[in-house]
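Asker: Below are the sequence and a predicted model for it; my questions follow.
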Amino acid sequence: MKNEELELFFLSAMEAAIQASVDIMEVYKTDFDVVQKSDNSPVTLADQTADDSIRKILASTSEYVLSEEQTPISFEQRRNLKYLWIVDPLDGTKEFIKRNGEFTVNIALIKNGHPIIGIITAPALNKFYWAVQGKGLYNGEVNDWNIDVDDLINGSAQVDAKINTVKIIGSRSHANSDTQNYVNLLKAMHPTSEIITRGSSLKLCKVATGEASFYPRFSPINEWDIAAGTALVNISGGRVLDAATKHPVMFNKENLLQPPFIAIANGINPETLP
């Protein structure tokens, strides 16, 4: 992909993330209904309207959009795609329902299994993060999501991730015993480390910016939950690794469930992992 084409893809993704953030906040202010999907996970009007906006805007790129809210095409149809979008229009629906603000919009562009663009917005917290391969990691804040793409980009600051103190980050809603056992191993290796929790892909944002050192995840999670966050971490100099093989996690697999993984910030040597 030429740099000019990558730039156009990035601008489309930013536009989609902004519009989805607007859609979500409009629903957030109402007494919205919650419906249980077939897998017993919750969904709201915010998930659906954000998904509609993202897919409509990304259609201009002519690349397939793999979204949590849509039934995916078969692996045979997508296995040879050089590029595709992986989207979670509202990551952290449980946090959205709790109204604690820790939910996000996740958009990633995947090339041959690897994320090369990642955009995450936290609509209720007025925060955003984005990263493009070769350009680095950026973040910023907004006063209002009714903002154009150029203003959002111009309001971004490049992040030079530096770890000051070791912090281990975990999930508010999805912790399990295997994850806790791994956290205990990390804690034994770093006795003065601090344990913090966040919802949604904000955990990966914290690793990408160096505000957290480790994020282990051993409970079930899908590709769309971590694709954008993985882009942020990788492009910032960190890594998201399969916990068993220590190889980088891949995307657009036949099984869209991710294996257990450990995300590490820039400066952490993967050879020191348990």
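Answerer: Perfect, thanks for sending it.
Asker: how much space between the nearest residue to G210 once chain neighbours are set aside and R198?
Answerer: Closest residue to G210 apart from its sequence neighbours, by C-beta to C-beta, 6 or more residues apart in numbering: A161 at 3.4 Å. (Each C-beta comes from the backbone N, C-alpha and C, glycine too.) Distance of A161 to R198, computed by C-beta to C-beta, to the nearest Å: 16 Å.
Asker: how much space is there between the residue nearest to G210 and T230?
Answerer: Distance from A161 to T230, counting by C-beta to C-beta: 15 Å.
Asker: Among the two, which residue is more densely surrounded?
Answerer: Taking other C-beta atoms under 10 Å, A161 and T230 do not tie; T230 has more neighbours (32 against 19).
Asker: Now do the same contact list for F214.
Answerer: F214 makes contact with 166-169, 186, 207, 262-265, 268, according to C-beta atoms under 8 Å, 6 or more residues apart in numbering.
Asker: most neighbours, which of the residues you listed?
Answerer: Highest neighbour count within the contacts of F214: V207, with 31 neighbours (other C-beta under 10 Å).
Asker: so how far is L273 from it?
Answerer: 14 Å.
Asker: Can you tell me which of the contacts of F214 is closest to I147?
Answerer: Taking C-beta to C-beta as the measure, I147 sits nearest to V207 out of those, at 26.3 Å.
Asker: For the closest one, give its distance to A20.
Answerer: Where A20 is concerned, V207 sits at a distance of 23 Å (C-beta to C-beta).
Asker: Could you do K37 as well?
Answerer: 19 Å.
Asker: neighbour-wise, which of these two wins?
Answerer: A20 (30 against 12).
Asker: That one and K56 touch, don't they?
Answerer: No - assessed by C-beta atoms under 8 Å, A20 is found out of contact with K56, at 10.4 Å.
Asker: Which stretches in the stretch 51-200 of the chain count as strands?
Answerer: For the stretch 51-200 of the chain, the strands defined by DSSP state E, counting those that start in this stretch cover 65-67, 83-91, 104-111, 114-122, 127-132, 136-141, 157-158, 167-171, 194-198.
Asker: Partner strands of the shortest one, with direction?
Answerer: Think strand 157-158. Strand 157-158 sits in its sheet next to strand 136-141 (antiparallel), going by DSSP bridges.
Asker: Check the fourth one too.
Answerer: When sheet partners are counted by DSSP bridges, strand 114-122 sits next to strand 104-111 (antiparallel), strand 127-132 (antiparallel).
Asker: any idea of the mean pLDDT in it?
Answerer: Strand 114-122 shows a mean pLDDT of 98.
Asker: what angle do it and strand 83-91 make?
Answerer: 20 degrees (axes from the mean of the first three to the mean of the last three C-alpha atoms, to 10 degrees).
Asker: Please give me every residue in contact with the closest residue to G101 other than its chain neighbours.
Answerer: Nearest non-adjacent residue to G101, counting by C-beta to C-beta, 6+ apart: A124, 3.8 Å away. For A124, the contacting residues are 25, 28, 101, 103, by C-beta under 8 Å, 6+ apart.
Asker: quick one: A124 and T93, what's the gap?
Answerer: From A124 to T93 the distance is 13 Å (C-beta to C-beta).
Asker: what do these two both touch?
Answerer: F103.
Asker: excluding its backbone neighbours, what's nearest L109?
Answerer: For L109, the spatially nearest residue (C-beta to C-beta, 6+ apart) is I117, at 3.9 Å.
Asker: What of L232?
Answerer: Taking C-beta to C-beta, 6+ apart, and ignoring the residues beside it in sequence, L232 has A208 as its nearest neighbour in space, at 3.8 Å.
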